[in-house]
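Chemist: My questions are about this predicted structure, shown below with the sequence.
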Amino acid sequence: MCIVFNYNWFMTEIKDREDIEKLVDSFYNKATIDSIIGHIFQNHMTKTLEKHKPIICDFWESVLLDNGNYKGNPIKKHIELSKRTPLGNFHFKQWFKLWEETVNELFIGDIADQAKAKANLMKELMLIKIRQSENPNFIQ
């Protein structure tokens, strides 16, 4: 006889700010020690990460739960960061890999699927805008 365990019984849908905070905290716990992108957080956000997390949660809450709390410009912030530490495709690929893993470990459902799809779109847009910003005629 073969016994199959279903580990999805403890997973829930993303439904509120608390879930967004759980996702963001879990993601940054991985990202800050990652061998590929951890140095970015360690070198440029060590002192500000705890202050920055609520802003990131506002962003994802606005994107996934449509509450409109986020008023910033994440592309501009990443362009500025890339000027200090050049960000390439492999950085964003790893960022997305860790994000997708974290979502899959914690949540199921339509909003979890949106979290992965929208992160992938954001990854692509960030890369395009960062590359465009390297052109001296770039207008933000």
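Modeler: Received it, and whenever you're ready, just let me know what you need. Worth saying up front: this structure is predicted, and the values here are computed from it rather than measured.

Chemist: Show me where this protein has its helices.
Modeler: With DSSP state H as the criterion, the chain has helices at 17-31, 38-44, 49-65, 74-84, 89-106, 110-133.

Chemist: just so I know, which of these lies nearest M11?
Modeler: Nearest of these to M11, taken as Cβ to Cβ: helix 89-106 at 6.7 Å. Yep, even glycine has a C-beta here, placed from its N, CA and C like the rest.

Chemist: Give me the distance from the closest one to the chain's centre.
Modeler: 8 Å (Cα atoms, centre = their mean, to the nearest Å).

Chemist: Can we start the residue count at 856 from this point?
Modeler: Taking 856 as the first residue, the last one we looked at is helix 944-961.

Chemist: Mind listing residues that contact it?
Modeler: 866, 877-878, 881-882, 885-886, 889, 891-892, 895, 967, 970-971, 974-975, 978, 981-982 (Cβ atoms under 8 Å, 6 or more residues apart in numbering).

Chemist: hmm, which of the residues you listed are the buried ones?
Modeler: Among the contacts of helix 944-961, the ones that count as buried by 16 or more other Cβ atoms under 10 Å are 877-878, 881-882, 885-886, 889, 892, 895, 967, 970-971, 974, 978, 981-982.
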